[in-house]
Each structure stands twice: as C-alpha cells, then as structure tokens.
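1. Following is a predicted model, sequence given first.
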Amino acid sequence: MRGSLRWRLVASYVSLVIICIGGLGLVLYIYMQQTYLDLWKTNLFSDARLISSQAEPFLIEGPPYDNLNSTMQKNGGLLGLRITIMLPDGNVVSESSIDPAELKNHLNRPEVQAALRGNEDSEIRLSDTLKKEMLYAAVPIRQDDRIIGVARLAISLDKIHANLAIARQTIIIGSLLTTFLAAILAILVTSYIISPLNKLSEAVAQITKGDLPEISPSQRMDEVGNLDRAFNAMSHQVHQQLGELRAQHETLTSVLSHMTDGILIADQEGMIRLINPAAQQIFNVDETGALDHRLIEVVRHHQLAEIWRKCQMSGTPQSTTLETIPDRLFIQGIATPLGSTMPGSTLLVFQDLTLLRRLEMIRRDFVSNVSHELRTPLASLKALTETLSEGALEDPPAAKQFLKRMEDEIDNMTQMVQELLELSKIESGRVPLEKRAITPYELIQPAIDRMQLQAERAGLTLTLDCGRDLPAVLADPNRMEQVLVNLVHNAIKFTPPGGEILVSAHNEPGKVVFMVRDTGVGIEPEALTRIFERFYKADRSRSGGGTGLGLSIARHLVESHGGHIWAESNPGQGSTFYFSLPIAKD
C-alpha cells in the first residue's frame with residue numbers, strides 16, 4: 001500500500017498541507033508571542049519612567065530611603081509589578097517585594113548596565129531571588145543630565161506563558177482539523193486520478209505472468225500491455241548497465257578525491273579533461289575554472305607545461321621539480337602518456353614536496369645550530385685545558401680563574417642540553433600539564449615577585465597592571481610561570497638601565513591576552529617571524545648569553561595550552577610579547 005502511487009500522492013499532498021499549515025501556525029505563534037512581549041515591554045517602560053520620576057526626589061534627598069521604599073511598595077501593589085530602585089554602584093535601596101538588604105549588588109545585570117549608560121533596556125531571564133522567569137525593564141533616573149540611579153520593573157512570565165498556551169492550543173486544533181479535511185480531500189482526488197492507472201497496472205501484471213488480461217476491446221489494453229513489457233525489459237537492462245557504470249565512477253571518484261597527489265588529464269590539444277581536489281588545492285583553482293581550459297592557464301608554470309609538451313612529442317614519461325611563486329611550494333610533476341586507453345591524452349601527477357623539503361631544511365639547520373652552539377664552549381674548554389697544561393697550574397690564582405671559566409662553559413652546555421631535552425618532551429607531548437582554572441592575576445604575580453629583585457639590580461622598573469576581576473583561564477600555573485619568567489628575563493636582559501617593563505593582561509572574546517612590554521633595544525622586522533625558532537637570535541644586541549631555546553620552549557608551552565604567542569617591535573623603541581590563553585569554562 002505504501003509503495004503505491006496512490007499512497008505517495010496522498011502522502012505528498014498531506015505532507016505539503018502539514019508543512020504549509022505548520023509553518024503558518026509557527027509564524028503566527030511567534031508573531032503573537034513577540035507582539036505580546038513587545039506590548040508588555042512597552043507598558044513596563046512606560047511604568048518605569050513614571051516610577052523613575054517618583055523616585056528622583058527621594059534619591060536626591062539621600063539616605064535613609066524608608067519613604068522611598070514605602071512608596072515603591074505601594075506602587076508595586078497597585079501595578080502588580082516588582083519594583084527595584086538602585087544606586088549607580090548597583091546597590092539596591094528600594095524593593096517592592098522583599099527587604100532591599102537581602103538583595104545582592106545588581107551592577108552586573110545587563111539591563112542595569114544599559115540604564116547606567118543612559119539607555120532603556122529589557123531582559124528576560126530566571127530571577128535569582130524568586131526562582132521564576134521574569135521580564136525586566138530598566139530606565140535611568142536622572143537629575144538634570146546626571147544619572148543618579150536606576151528604576152527597574154519586573155513581571156513574571158507565567159501569566160504571559162498561560163495566555164500564549166491558549167493561543168498555541170487553538171492554533172494546533174485548527175491545524176489538525178484542516179489537515180484532517182485536507183487528507184480526506186486528497187484521498188478522494190487521488191482515487192479519482194489513480195483508478196484508470198490501477199486497471200492498467202493489473203493488466204500489465206497479468207501480461208508479466210503470461211496471462212491474457214480480460215479487457216474490453218474499446219480500451220485496447222492488449223497493445224498497452226505489450227508496450228509496457230518491452231519498456232520494462234529495456235529499463236531493467238539499462239538500469240543494470242547504469243548501475244555498473246555508476247559503481248565504477250564512484251570508485252574512481254573516491255580514489256581521486258582521497259589522493260594527496262594532484263591529478264590532471266590533458267588531451268592532445270592541452271585542454272584539461274579531469275582534475276582532482278588535490279590538484280585544485282595545489283594550483284588554487286576550482287573544477288569549473290580548470291575543466292575545458294588550457295593546461296598553462298591552470299598550472300601557470302612554464303616548466304610543468306613543458307613536460308606535457310615533451311611527453312606528447314616523445315611518447316615517454318617526463319618529470320621536473322620546481323618551487324612556485326609566491327606560495328613557495330616545492331612541486332614534482334610527472335607526465336605519462338595514456339596510450340591506447342585514452343589516445344593523445346596525458347596523465348600529469350603533481351606531488352607536493354614542500355613539507356619534506358622544509359623538514360629537511362629544519363633538520364640541517366638544527367644540526368648546524370647545535371654544532372655551532374657546542375663548538376664555541378668546546379673550543380674555549382680546549383684552550384683553557386691547554387693553557388693549564390702549559391704551566392698555568394703552577395699559578396694557583398690563574399688556575400682557579402681558568403677552572404671557574406671551565407665550570408661556566410660546562411654549565412652553559414648542561415643548560416643547553418637540559419633545554420633541548422625539555423623542548424623535545426614538550427614537542428612530543430610527554431610533559432604532563434596540570435591544568436586548572438586560575439585568574440590571570442594569580443598567574444602573573446608569582447613571576448613578578450620572582451623577577452622583581454633582578455629588575456631592580458638592572459636599574460629597571462618592573463610594573464604589574466592586571467585587574468583581579470579578569471575571567472579565569474585554564475592553565476598549568478608552573479608552566480605558565482615559566483613562560484612569563486622567560487619573557488620578563490628577556491626584557492630585563494635587553495633593556496638598558498632606567499628603562500621600564502610592564503606586565504599586563506586584558507580580556508578578549510573567549511580568551512585572555514597577556515603582555516610583556518619593554519623599552520629596550522627592539523627587534524628588526526625580518527627577525528620577528530623567526531625569534532621563536534630554536535637557537536635563533538635576532539641580532540648582536542640581543543644575542544648575548546642564553547641558548548636561544550627559551551622562546552621556542554615558551555611557544556610550545558603556550559600552544560600546548562591551546563593559545564598563541566607573538567611579538568611586536570620596532571628597533572630602538574622596545575618590544576612587546578603577547579600570548580593568549582583560552583578562558584576556563586564554567
């Protein structure tokens with residue numbers, strides 16, 4: 001029954017009616033609900049303005065506010081509303097429902113904030129005091145051009161919801177009745193339309209079974225039955241062939257879509273006939289802008305078009321490697337003739353070797369940097385030991401000085417090895433993070449206390465500017481203190497005596513941004529993008545001492561917390577380091 005044309009027509013018609021009536025009813029209900037709420041808001045604002053004018057002389061007179069509270073209680077009883085009068089600092093001085101002394105400060109309420117800015121605002125939320133959903137409306141109380149308080153009126157939404165429930169029930173009942181009548185009408189109309197098709201269907205079924213249908217000669221059902229059998233046989237064959245082709249196409253499409261290598265097929269005229277998503281990404285084109293366009297227009301690199309030309313002329317595979325501009329991608333292109341499969345066409349495969357190339361460069365740079373950092377202290381140690389061997393041991397003061405320098409060089413190498421191990425653990429995720437919700441002030445203060453003496457010895461002013469009311473962040477305090485100490489230590493190291501260092505934090509949507517600003521020597525623009533690399537030192541003025549690993553460790557620690565770290569600087573005008581941490585969810 002459900003697979004019949006009759007059922008599909010009835011179901012489609014009834015579904016359309018249900019969708020239309022349901023949509024209309026929903027729109028009508030939403031409109032009624034909004035209109036009803038807007039009417040209540042308008043009335044509340046009107047009453048709130050009246051209340052504000054009554055409360056103004058009492059607020060001007062000042063405490064105690066017993067007369068104000070008595071007046072508001074009477075007004076609340078007459079209007080059937082909850083009236084609250086508060087001062088600009090958010091303290092409640094009058095309440096029509098309960099004792100004002102029992103209420104908390106209301107400064108953080110959105111409608112109160114809006115009223116203190118001189119606006120009229122409304123808000124719907126659950127009342128902390130009454131545990132009911134309330135509609136609030138707040139207006140400023142003015143003395144001339146000065147806001148001296150806020151008048152807020154509130155009403156429970158229970159009555160509004162009850163009236164809306166009646167309207168909703170009426171809409172639902174009306175929709176059900178309309179749908180029922182529409183279903184009956186659909187059944188009658190569909191039966192009238194489908195009746196001749198049912199007779200034809202029965203005749204076709206009999207012919208399929210090999211039976212001769214009993215039909216009147218005037219209807220000529222025998223000829224319709226023969227035509228239908230031939231059509232069904234042909235339809236079955238075509239459906240089977242299309243299914244096989246569709247399966248092959250889906251397999252090929254799936255393979256091409258999931259390949260990381262770019263694939264292009266160009267015909268003998270150099271027109272693109274196929275392109276997969278990887279190739280679209282490499283050459284920054286879409287399928288529409290690539291198909292039926294010339295190869296050179298899509299790849300936009302002469303070398304890649306040249307291997308296609310050579311492949312066409314020689315009939316043998318060709319390959320090349322190049323770096324694209326301005327994306328700086330390292331691409332290997334391979335052109336292969338498709339031969340008899342697609343005569344005259346060429347398969348072009350493009351492999352993005354950028355990551356492998358960059359990893360190789362990073363590996364070479366790392367080995368070079370480690371070698372350089374170790375070569376200097378080792379050379380110094382060798383020179384010191386040779387000096388001691390050549391007779392410096394006979395001079396105890398000199399020998400003691402040389403041994404002290406050897407100890408310093410060994411300490412430097414030990415520190416570098418420890419920081420390398422630390423960085424390796426952080427990068428591999430083997431450093432456990434004991435995250436907890438902590439305020440930015442509690443995060444910054446220990447680092448300031450730890451570095452204050454060092455800043456004073458360097459003749460610098462170290463200042464903390466962080467509000468205690470900033471939202472808490474989710475962080476490991478010890479690891480974030482390590483980041484802050486590193487940034488403050490760098491600021492002290494590269495700021496001349498008499499300079500200033502400011503550590504602060506501020507709130508942005510979804511995160512807290514920490515800042516360490518100094519008045520030191522600054523960083524060259526071309527170095528800003530590389531200062532967080534291992535062993536990188538911006539210039540001579542910022543290269544004295546240290547291993548060049550501190551900022552790299554700081555970057556990995558911040559990123560392991562889901563944050564971001566960056567720097568801004570102008571040479572000779574100081575530097576500012578920023579990092580962000582996500583706000584802890586309640």
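-> It's in.

2. From the centre of the protein outward, give me the first residue you hit.
-> Compute the mean C-alpha point of the chain, and by Cα atoms, centre = their mean the closest residue is residue 510, 10.1 Å away.

3. Straight-line length of stretch 125-143, end to end?
-> 30 Å (Cα to Cα, to the nearest Å).

4. got the buried residues for it?
-> Buried residues in stretch 125-143, counted by 16 or more other Cβ atoms under 10 Å: 134-141. Every C-beta, even on glycine, is put in place using the N, C-alpha and C of the backbone.

5. so which of the residues you listed comes closest to residue 457?
-> residue 140 (53.2 Å; Cβ to Cβ).

6. Doesn't that closest one belong to a strand?
-> Yes. Using DSSP: H, G, I helix; E, B strand; the rest coil, the assignment for residue 140 is a strand.

7. How much space separates it from residue 112?
-> Residue 140 sits 10 Å away from residue 112 when distances are taken as Cβ to Cβ, to the nearest Å.

8. quick check, residue 279 in a strand?
-> No. Using three-state DSSP, the assignment for residue 279 is helix, not a strand.

9. OK, contacts around the residue nearest to the centre of the chain?
-> Applying Cβ atoms under 8 Å, 6 or more residues apart in numbering to residue 510 gives the contacts 582-583.

10. returning to that earlier point: with respect to residue 461, which of the buried residues of stretch 125-143 is nearest?
-> Nearest to residue 461 among those: residue 140, at 42.0 Å, using Cβ to Cβ.

11. Quick one: low-confidence residue ranges for the stretch 301-450 of the chain.
-> By pLDDT under 70, the low-scoring segments of the stretch 301-450 of the chain are 325-327, 358-377, 379, 384, 391-395, 398, 402, 408-409, 411-431.

12. what about the helices in it?
-> Using DSSP state H, counting those that start in this stretch, the helices of the stretch 301-450 of the chain run over 302-314, 354-389, 396-427, 440-457.

13. Report all helices and strands that the first one contacts.
-> Pointing back at helix 302-314 there. Counting contacts by 3 or more Cβ pairs under 8 Å, 6 or more residues apart in numbering; DSSP states H and E, helix 302-314 is packed against helix 295-299, strand 318-323, strand 330-337, strand 346-352.

14. Now do the buried residues in it.
-> Quick answer for helix 302-314 (16+ other Cβ under 10 Å): 304-305, 307-312.

15. Relative to residue 434, which of those is nearest.
-> Distances from residue 434 to those, taken by Cβ to Cβ, are shortest for residue 304, at 51.9 Å.

16. Can I take it that residue 137 is in a helix?
-> No. According to three-state DSSP, the state of residue 137 is strand, so it is not within a helix.

17. Please name the residues that touch it.
-> By Cβ under 8 Å, 6+ apart, the residues touching residue 137 are 41, 44-45, 48, 111, 120-122, 152-154.

18. Quick one: list the elements packing against the one helix or strand residue 46 maps to.
-> Counting by DSSP states H and E, the element that carries residue 46 is helix 5-61. Secondary-structure packing of helix 5-61 (3+ Cβ pairs under 8 Å, 6+ apart): helix 66-79, strand 82-86, strand 92-95, strand 121-126, strand 133-143, strand 146-156, helix 158-208.

19. Now residue 321. Nearest residue, chain neighbours left out?
-> residue 332 (4.8 Å; Cβ to Cβ, 6 or more residues apart in numbering).

20. per-domain residue ranges of the protein.
-> Domain segmentation of the chain under automatic domain parsing yields 7-161, 217-254, 259-352, 358-427, 436-582.

21. Give me the phi and psi for the nearest residue to residue 500 once chain neighbours are set aside.
-> Closest residue to residue 500 apart from its sequence neighbours, by Cβ to Cβ, 6+ apart: residue 461 at 4.7 Å. Torsion angles at residue 461 (phi, psi; degrees, to the nearest 10) stand at phi -100, psi 120.

22. What count of nearby residues applies to residue 461?
-> Residue 461 has 13 neighbours, counted by other Cβ atoms under 10 Å.

23. Test my guess that it contacts residue 497.
-> No. Using Cβ atoms under 8 Å, residue 461 makes no contact with residue 497, being 10.5 Å away.
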